[in-house]
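*Asks:* Quick one, what's the 3D model for this:
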Amino acid sequence: MTILILSGTGEGREIAAKLHQNAVSLIASLAGATRNPSDQAVQTRIGGFGGASGFETYLKGHEITAVLDATHPFARDISQRSHKICTVLNIPYCLFARPAWVATERDLWTSLADETEAAVHIKPSSTVFLATGRKTLNKFENLSNCRLICRQIDPPDGLFPFPNGEFLIGRPPFSTADEIALFRQLEVDWLVVKNAGGTASFSKLEAARELGLHVGMIERPDMPDAKTVTTVKHAIEWGLTHG
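*Replies:* Sure thing, here's the model as predicted:
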């Protein structure tokens, strides 16, 4: 019996390590979005599967008996595809979905259905810190009257897609104090972020709260109607049952 963990998150690494300690046979899969990913401590594959047919072929070829999906909360396409194929193949599937962030009375959050809605709320000439990754940068084209700063882990392969923007390279974790100092230095007016939840990247929201910055909070996409757990503990328990 072998579990495939669709990982790439801190929780995914934690789940894999714990199951490995309990002698569960498993393989961790990373999409390859980061050039130097953190060590998974278990057998790991990196890269895409080649679409739905490639994923199905992989599951069959490696005799995968269960799939634990611990990908990013915004990896909708991967989760939808994985659940669909597992259902067809009658392979148990479980989605780990960490709880979303919730605003406090001190936070100045504006809910966004997607990136394009940011321009409705952000005034021209604002400095906007995009903590959303490079893959969706094209959706901010309508913020042409603002200064855009996009932070990413790896150096970019090319120039910023718009003349009013720049990349900032940095590898987490970042402390709240560091984020406060950075936002002050850059004179940030707005922070735009995906509601990924968790503690790993919450410091930027704490910094925004302390500085009284506006936050554009991109809400999560719909995920598959599947077996879902919201804690690492329950994900490990599911893995122990199916491993």
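
*Asks:* So which elements touch the lowest-mean-pLDDT helix or strand in the chain?
*Replies:* Here the helix or strand of the chain ranked lowest by mean pLDDT, DSSP states H and E is strand 44-46, holding a mean of 89. For strand 44-46, the elements it packs on are strand 26-30, judged by 3 or more Cβ pairs under 8 Å, 6 or more residues apart in numbering; DSSP states H and E. No exception for glycine: its C-beta is placed from N, CA and C like everyone else's.

*Asks:* Return the set of buried residues in the strand it packs on.
*Replies:* Across strand 26-30, burial judged by 16 or more other Cβ atoms under 10 Å covers 26, 27, 28, 29, 30.

*Asks:* Need the per-residue pLDDT for the residue positioned nearest the centre of the chain.
*Replies:* Central residue of the chain (Cα atoms, centre = their mean): residue 72, 3.4 Å from the mean position. With respect to pLDDT, residue 72 has a value of 92.

*Asks:* Test my guess that it contacts residue 8.
*Replies:* Yes - the pair residue 72 / residue 8 is scored as a contact, 6.3 Å apart, by Cβ atoms under 8 Å.

*Asks:* before we move on, back to that, next one: the residue nearest to the centre of the chain from residue 198, what distance?
*Replies:* Distance, residue 72 to residue 198, using Cβ to Cβ, to the nearest Å: 10 Å.

*Asks:* picking that back up, out of the buried residues of strand 26-30, which is nearest to residue 68?
*Replies:* residue 26 (8.2 Å; Cβ to Cβ).
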